[in-house]
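**Q** Show me how the following folds:
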Amino acid sequence: MAVTQQLARVGEQYLAACRTRAAESPDGDHRWDPPAADCLDLDWAPAMLVRVCELAGIDEPYLAALRRATDGGAVPEVGFLHAHPHAIGPFGPPPTALGPKEVGRVSRLLGEIDLRAALAVLPADGRAAGKRIGLGAEGLVHGPGRYLTVHFDALRTFYAGAAERGLAVVSWWD
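**A** Model prediction:
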């Protein structure tokens, strides 16, 4: 079973309802079930995306935003989603989240990252590019370019949608 990065866009009211259900349930069942259209599976791309941006010399505020987009933060607090037997990510660290205001900031900064320019600093040969990135990118059959572009574009679109709708983003590994 592969453990991959998961994100969900949810309203603060939804998080509050899940928190209340967990507190009222004898076994902590929060009944977490965000709509599939508001979920994103980033596979193993997050660390590779950060590494490419580091290699390209992307400025720190943009790197920090990329990290926060997948690592989340402490507000809103979502520790109740990590309580067994109903943990949403039992195979990784506890879930984290970014509130709507921070989602908007991260979305804006993600929108300014030129990933194609960042990828251009890598060797043209896919295998060599993957070795330069490391973190499993050397195993990507057709090289890292398309894989990372698809996942970055999905991440940027996901965050733009969350920011537009005033939603929080919850992050976990499952």
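**Q** Show me how far stretch 155-167 is from its chain's centre.
**A** 12 Å (CA atoms, centre = their mean, to the nearest Å).
**Q** cool, and stretch 133-147?
**A** 18 Å.
**Q** same check, this time on stretch 166-174
**A** 7 Å.
**Q** going on from the lowest-mean-pLDDT helix or strand in the chain, what's the next piece of helix or strand?
**A** Every helix and strand in the chain was compared by mean pLDDT, DSSP states H and E; the lowest is strand 74-75, with a mean of 84. Going down the chain from strand 74-75, the next helix or strand is strand 96-98, by DSSP states H and E.
**Q** list the helices and strands that next one packs on?
**A** helix 60-71, strand 74-75, strand 168-173 (3 or more CB pairs under 8 Å, 6 or more residues apart in numbering; DSSP states H and E). Heads up, the C-betas are built off the backbone N, CA and C, glycines and all.
**Q** you'd agree Ala47 is up against Ala137?
**A** No - Ala47 lies out of contact with Ala137 (CB atoms under 8 Å); the separation is 9.2 Å.
**Q** longest helix of this structure?
**A** The single longest helix within the chain, with elements called by DSSP state H, is helix 144-165.
**Q** Let me see the mean pLDDT of that one.
**A** For helix 144-165, mean pLDDT is 97.
**Q** pLDDT weak spots in this protein?
**A** Applying pLDDT under 70 to the chain picks out residues 1-2.
**Q** Give me the residue at the spatial middle of it.
**A** Compute the mean C-alpha point of the chain, and by CA atoms, centre = their mean the closest residue is Thr70, 3.0 Å away.
**Q** Which element, helix or strand, includes the nearest residue to it once chain neighbours are set aside?
**A** Residue nearest to Thr70 in three dimensions, not counting chain neighbours: Pro46, with 4.0 Å by CB to CB, 6 or more residues apart in numbering. Under the criterion of DSSP H and E, Pro46 resides in helix 45-55.
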